[in-house]
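Novice: Got a predicted structure plus its sequence, pasted below:
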Amino acid sequence: MGKIKKMFEKYRELIMYVFFGVLTFVVSVISFEIFNRLLGSGAYMISKTLSWIIAVLFAYVVNKLWVFQSKSWKPTLVIREAASFFAARIFSLVIALGAMWVLVKILNAVMSGPLFGFLSVESIANICSTALEVIINYIFSKLWVFKKK
């Protein structure tokens with residue numbers, strides 16, 4: 001049991017980021033599906049943006065508290081962290097929206113219908129672009145937002 005605990009402590013941050021990253025991914029994908037069904041597949045970029053807002057709010061809280069363990073609620077620190085967190089997320093959103101747009105165009109050209117009978121082109125593009133966001137977001141969070149001093 002001691003080896004497992006040491007291993008967890010050594011890789012705690014990465015393990016927690018992956019765990020909460022998966023949860024954030026699920027929040028993003030489910031909220032996208034809800035918005036995409038409510039707004040229609042023609043509004044997939046709006047659905048992506050709305051799901052992004054929900055996922056980023058969730059991600060900020062879990063990253064602050066459990067992943068990078070930034071426990072201080074001192075207003076100046078929270079403002080700095082939140083501003084840099086959201087700025088980094090906006091950057092990754094722009095990349096993800098661009099990737100999603102390209103993927104939708106490509107997938108529409110090569111697919112004739114939903115994958116497995118239920119995954120739309122927009123859903124597949126969203127899953128791929130969200131995975132790209134997770135990688136970019138970890139890098140920014142680790143090196144810029146919650147960096148240890």
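Specialist: Thanks, I have it.
Novice: residues touching the residue positioned nearest the centre of the chain, list them.
Specialist: The chain has residue 134 as the residue nearest its centroid, 4.7 Å off, counting by Cα atoms, centre = their mean. Contact analysis of residue 134 by Cβ atoms under 8 Å, 6 or more residues apart in numbering lists 21, 24-25. C-beta: built from backbone N, CA, C; applies to glycine.
Novice: Show only the entries of those residues found in helices.
Specialist: Counting by DSSP state H, the part of the contacts of residue 134 found in helices is 21, 24-25.
Novice: what would these look like in a markdown table with pLDDT and neighbour count?
Specialist: Output for the ones in helices among the contacts of residue 134, formatted as a markdown table (pLDDT from 0 to 100; neighbours: other Cβ atoms under 10 Å):
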| residue | pLDDT | neighbour count |
| --- | --- | --- |
| 21 | 87 | 22 |
| 24 | 91 | 23 |
| 25 | 86 | 17 |
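Novice: Just the closest of the residues you listed to residue 138, please.
Specialist: Residue 138 lies nearest to residue 21 out of the ones in helices among the contacts of residue 134, by Cβ to Cβ, at 7.0 Å.
Novice: Going by neighbour count, which residues in the helix or strand bottoming out on mean pLDDT in the chain are buried?
Specialist: Sorting the helices and strands of the chain by mean pLDDT, DSSP states H and E puts helix 121-140 at the bottom, at a mean of 86. By neighbour count on 16 or more other Cβ atoms under 10 Å, the buried set for helix 121-140 is 121-127, 129-130, 133-134, 136-138, 140.
Novice: List the contacts of the closest residue to residue 88 other than its chain neighbours.
Specialist: Excluding the flanking residues, the one nearest residue 88 by Cβ to Cβ, 6 or more residues apart in numbering is residue 140, at 3.6 Å. Residues near residue 140 by Cβ under 8 Å, 6+ apart: 88-89, 91-92.
Novice: what separates residue 140 from residue 87, distance-wise?
Specialist: Separation of residue 140 from residue 87 (Cβ to Cβ, to the nearest Å): 9 Å.
Novice: Many thanks, we can stop here.
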